Structures are given as C-alpha cells and as structure tokens.
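Novice: would you be able to build a 3D model of this:
(one chain, ligands or ions: 1)
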Amino acid sequence: MANILVTGGAGFIGSHTCAALLEKGHDIVVVDNFSNSKPEALKRIKTITGKDFKFYELDILDFDALDKVFKENKIDAVIHFAGLKAVGESVQKPLEYYHNNITGTLMLIKAMRENGCKKIVFSSSATVYGVDNPVPYVETMPTHTATNPYGYTKVMIEQILTDVSVSDSEWSVALLRYFNPIGAHKSGLLGEDPNGIPNNLFPYIAQVASGKREFLGVYGNDYDTPDGTGVRDYIHVMDLADGHLCAVDYVLAHTGVEAVNLGTGKGSSVFDVLHAFEKACGKELPYKILPRRAGDIAWCYANTDKAKELFNWQAKYDLDEMAADGWNFTKKNPNGL
Ligand SMILES: NC(=O)c1ccc[n+]([C@@H]2O[C@H](COP(=O)([O-])OP(=O)(O)OC[C@H]3O[C@@H](n4cnc5c(N)ncnc54)[C@H](O)[C@@H]3O)[C@@H](O)[C@H]2O)c1
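Specialist: Here you go, the predicted model:
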C-alpha cells in the first residue's frame, strides 16, 4: 500500500477518490484551498471510512507550502485534481484559469521533482478532443485544439507532463481523460455540491428536483442525435474513483506517459438523464428548450478499450443508478455539504 498525495481532495471527484483510496488501504495526504469545496467533505470521508488522514489547507500556487508537504511526508505518488473547472467562467477569466491550473501544476511538478516523487495521475478531460474528432474518442486522436481556456489548460498540462516524462525516464504519468462524472457516494454523505448556479446538467437537474430551481434549460433540441439533445458519456463518480485506484497501481509499477479515457463508452442524451432523474425522484421535472450554447457539440463519448487493456477497469454503474445515488445525496443534503 502506498502514501498518496491528493490535490483538490475536498472537491467532488477528489473526495470520492479519497474515500476509495482509504477503503483500499492506502494512506493519503490531502491538500486543498477550498476555493470550490468545503471542509465538511473531509469530515465525511473520515465518517465513511473510519480512517484519519493528514490535511494541509494550501494553495498549489504556493511552492514553499507544497515543498513542506513533501518534506514532512514520504509521498509515493500524486493524484492531481486541484484546478478551476467552469468552462463559461474560463472564457470570462482566462488569466485566472491559466494561472491557477497551469502555474499550479508547474509548482506541483517542481515540488515533486525536488523531492524525488515522479509518479502522477492527472485529471484531464474529454474536452481535449476538441470539436473535430469523430466519436467515439480514442486516445490516439489529435488533441491540440480546445474550445475554451479551461479546455486549453488541460491540453497544455497534458503536453507539459508529457515533456517532463520525455526529459526524465523515471517519471510515470497517467493522463486520465474523464467524460461526464455524475452520481454520488452510496452513503449519501458525499456528492457534487457546486457553489452558485450549477454549470453542469446533473447538479442542475438535482436542484430542479429539490425545488431550488424552477426548470431545467435544455440548450438545443435540434442536434443530429436521436432526440435532438446533446449526447454525453455519463460515468458514476464511484466508477471514476475506482479508475483512479487502477491508475495509481499502474503509475507505481510503470514509467512513461499514458493517456486513458475514463467513460462508459455509452452516450446518453439530456432527456435520457432528465428521465432517469425523474424515475429516481418519482416526479416529472419541468424543462424549457433554449437556444444552443456556443461551443457545445452534439456527441461526446469514449472508446474505453485502453482502460480495459491497461488497467483492467470498466465502468459498472448505469444511468438509473447514477440518478438514484445523485437523488439520495440531494435528499439527504438539501443545503449541500
Ligand atoms: N467534474 C467534471 O465534470 C470534470 C470533467 C473532466 C475533468 N475534471 C477535472 O477533474 C478535477 C476535479 O474536478 P471536480 O469536479 O472534483 O472539481 P471540484 O471543483 O469539485 O474540485 C477541485 C478542487 O480543487 C481545489 N482547488 C482549486 N484550485 C486550487 C488551488 N490553486 N490550490 C488548492 N486547491 C485548489 C478546489 O477547492 C476543489 O476542492 C479538476 O481538475 C477538473 O478540471 C472534472
């Protein structure tokens, strides 16, 4: 078992992954600045697992603070979730996004190198496939165009980590390209708790179901898809957490760089997700058709062969279970975490 540093461990995907790491018997050290999360998530990880861990409230832009974490702990590998992730906001605040995500990653890699830790699992995204590649997305496709600054931070960080790995063969890098993580921990203690108006479909639907929002805005019903709404590859956040356990094992045992899709390989439309949530909460949810949003594409889903081959990993949960677990979290936490 290893000692894993988790950046952004109080966030949505990070918190579920921390719980999974502890349950598997790993030790973890968590860092977060709570810019998009709450300390309560950390308490709940401890409640779920019955295990304690070290936490440092710090900004990954602060090299000295990161360096201290490596000096005070023997870290075997890093899972790097910390970053800003709102696509629309990144268009309004490109400098903040480039600085936080890219400079933050540079500080982290520098602290790792100086302390002899050269194994990293990075949270990348399906957004690196841009708009020109055909679905399903395969890891070998070209990835150098994105549609917004957030997407470009992922493209650039993938490049930086690849260059670092080329420069020094001791590095081991897994670039995990997530598709659309939704759902929540089975306990209902952890889930997605966005600040303000949700940017993503699933937490938005959850807020319509709990009466916080009047209706769901569906951006376009005239796409070339079975029901006209956009199709995405939704993946249960616990499946995603499980994918990180495999990626950690992989980077601990190998060197080099690998990009790996983490999705189900199956596309679901906006209406599919809405209907699954209606089934879970037992009522009809109001929606309105709105114009298409700039930058949205019709289809996005993964080819999942590489994750199967390299990690022996496959998503287990279907859309109904994602919706049921998401609703369970919403019901139990009407005011979030
Ligand atoms: N949720 C998705 O749909 C999705 C899809 C693809 C990729 N990703 C990526 O996965 C990662 C985790 O996403 P999430 O959904 O859990 O987001 P999140 O916002 O819930 O978690 C990110 C965490 O990082 C922390 N953080 C941000 N900047 C920091 C800094 N400078 N120093 C310290 N902590 C900082 C935030 O406080 C938060 O707790 C992100 O890098 C995101 O871009 C997410």
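
Novice: strands along the stretch 201-337 of the chain, start to end?
Specialist: Secondary structure of the stretch 201-337 of the chain (DSSP state E, counting those that start in this stretch): strands located at 216-219, 231-232, 234-236, 256-262, 268-269, 287-290, 299-300.

Novice: tell me the most buried of those strands?
Specialist: strand 234-236 (a mean of 26; mean count of other CB atoms under 10 Å). Placement of C-beta: from N, CA and C, glycine included.

Novice: which helix of the chain spans the most residues?
Specialist: When the chain is scanned for its longest helix (criterion: DSSP state H), the result is helix 149-167.

Novice: tell me the residues of the protein that contact the ligand?
Specialist: Within the chain, the residues that sit near the ligand (CB under 6 Å from any ligand atom) are 8, 10-14, 32-37, 59-61, 81-85, 100, 104, 123, 125, 178, 180-181, 200.

Novice: not counting its neighbours along the chain, what's nearest Asp224?
Specialist: Nearest non-adjacent residue to Asp224, counting by CB to CB, 6 or more residues apart in numbering: Ala298, 5.5 Å away.

Novice: looking at it, that neighbour is touching Tyr223, isn't it?
Specialist: Yes. Ala298 lies in contact with Tyr223 (CB atoms under 8 Å); the separation is 4.0 Å.

Novice: okay, and the common contacts of those two?
Specialist: Gly230, Val231 (CB atoms under 8 Å, 6 or more residues apart in numbering).

Novice: what is the helix or strand of the chain with the lowest mean pLDDT packed up against?
Specialist: Sorting the helices and strands of the chain by mean pLDDT, DSSP states H and E puts helix 87-92 at the bottom, at a mean of 94. Where contact means 3 or more CB pairs under 8 Å, 6 or more residues apart in numbering; DSSP states H and E, helix 87-92 is packed against helix 149-167.

Novice: now the element after the helix it packs on, going C-ward?
Specialist: strand 172-178 (DSSP states H and E).

Novice: can you list the residues that contact whichever helix or strand comes after that next one?
Specialist: Proceeding N to C from strand 172-178, the next assigned helix or strand is strand 180-182, under DSSP H and E. For strand 180-182, the surrounding residues in contact (CB under 8 Å, 6+ apart) are 12-13, 126, 192, 200-202, 232-237, 240, 263, 273, 300, 322, 326.

Novice: strand 180-182: partners in the sheet, and parallel or antiparallel?
Specialist: According to DSSP bridges, strand 180-182 forms sheet pairs with strand 234-236 (parallel).

Novice: chain center to the strand it pairs with: distance?
Specialist: 10 Å (CA atoms, centre = their mean, to the nearest Å).

Novice: tally of neighbours for Gly246?
Specialist: Just to correct that, residue 246 is Cys rather than Gly. Other residues lying near Cys246 total 19 when counted by other CB atoms under 10 Å.

Novice: again with the one 3 residues further on
Specialist: Look at Asp249: counted by other CB under 10 Å, it has 16 neighbours.

Novice: what sits against the closest residue to it other than its chain neighbours?
Specialist: Using CB to CB, 6+ apart and skipping residues adjacent in sequence, the residue nearest Asp249 is Phe311, 7.9 Å away. By CB under 8 Å, 6+ apart, the contact list for Phe311 reads Gly243, Cys246, Ala247, Asp249, Tyr250, Val260.

Novice: tell me the pLDDT of Phe311.
Specialist: Note on Phe311: pLDDT of 98.
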